[in-house]
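**Student:** Curious how this folds, go ahead:
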Amino acid sequence: MNRWRALPLLALLGLSPVALAESTGEKVIQLQQQMAVMQGELNSLIAVQQASKGSQSALADVLTRTQRLEQEVRQLRGDLETQTHQLQMAQKALTDKVNALAEQQAAAAPATAATASTALAAAAISPAAALASAATSTSTSAVQGMGQADYQRAFDLLRQGKYGTAVTGLQDFIRKYPQSSLMPDAYYWLGQAQYVLGQNDAALRSLYAVQVRFPQSSKAPEAMLRMAEIYQAIGQADKARFVLDKIIQQYGSTPSAQKAEAELQALPAAKK
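**Tutor:** Next comes the predicted model:
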């Protein structure tokens, strides 16, 4: 039952890549229409060329423009195919993750239906925002930062659902590139993978490192949200409440603070 409640949230993940793919597809159609107009001009100039040598320059210009448009169409088609493939991979990875979390929840200590539903919802939404941001930076341009190739390899393993190997890759990256600007992302995704593997204590340490070492990073409040989720999952609602309150205080104008407020309201009342 937990699995079926979580799967509808997958649709939220496809918004940014799908919108990008649709935009690219529309541009391809527009360029094809321009090519049709240019082809008409080309045919007219070929006819005129037979009567006037002066049309040679115009013909050459049309030919150049046509070739340029054809090249741009080919490039856009390639981009569209790449983005579609990346979207499919991202959706599959998240589906596998939600399924794994559902099975983990079923095998864990008994919890109320509302608590299990809240945990699964957080598991789907929190990674979704981070994954959308990561997909935007990695699908349209190379990841920037020292050791970016090693980071990208580990991140790709994470997206493929190979969490154990991804943990090893991210730990190696953190050890090799302590000054990299990608360190907040590395710690954040390390915590995510450890959490999926049931390594709650290790996950909390990794996510806490983002909050303490990189408080200005966009990953910091997201890492704190995931910490609150883990605390809820292991039955430490008071610690979850403390972390959520801290997010609201430190990042009051961010979407993460809004999520924290919603999760705070969903928590059971504190014991007096």
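**Student:** Okay, buried residues for stretch 30-38 please.
**Tutor:** 31, 35, 38 (16 or more other CB atoms under 10 Å). C-beta here means a position set from N, CA and C on the backbone, and glycine is covered the same way.
**Student:** What of stretch 179-199?
**Tutor:** 180, 182-197, 199.
**Student:** picking that back up, which of the buried residues of stretch 30-38 fall within helices?
**Tutor:** Among the buried residues of stretch 30-38, DSSP state H puts 31, 35, 38 in helices.
**Student:** What does the pLDDT read for the last one?
**Tutor:** To tie it back to what came earlier, the one meant is residue 38. Note for residue 38: predicted pLDDT of 78.
**Student:** and if you look at the one 10 residues further on?
**Tutor:** Confidence at residue 48, expressed as pLDDT, is 67.
**Student:** do the same with residue 261
**Tutor:** Residue 261 is given a pLDDT of 88.
**Student:** From the contact counts, what lies against the strand or helix carrying it?
**Tutor:** Per DSSP states H and E, residue 261 falls inside helix 255-266. For helix 255-266, the packing partners by 3 or more CB pairs under 8 Å, 6 or more residues apart in numbering; DSSP states H and E come out as helix 113-139, helix 219-233, helix 237-250.
**Student:** If I take the shortest one and helix 255-266, what angle do their directions form?
**Tutor:** Per axes from the mean of the first three to the mean of the last three CA atoms, to 10 degrees, the angle that helix 237-250 makes with helix 255-266 is 140 degrees.
**Student:** Counting by contacts, list what helix 237-250 packs against.
**Tutor:** In terms of contacts (3+ CB pairs under 8 Å, 6+ apart), helix 237-250 is packed against helix 219-233, helix 255-266.
**Student:** possible to save those as JSON lines with mean neighbour count and distance to residue 248?
**Tutor:** Shown next, in JSON lines, are the helices and strands packed on helix 237-250 (neighbours: other CB atoms under 10 Å; distance: least, CB to CB, whole Å):
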{"stretch": "helix 219-233", "mean neighbour count": "25", "distance to residue 248": "10"}
{"stretch": "helix 255-266", "mean neighbour count": "17", "distance to residue 248": "5"}
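**Student:** you'd agree residue 231 is up against residue 224?
**Tutor:** No. Using CB atoms under 8 Å, residue 231 makes no contact with residue 224, being 10.5 Å away.
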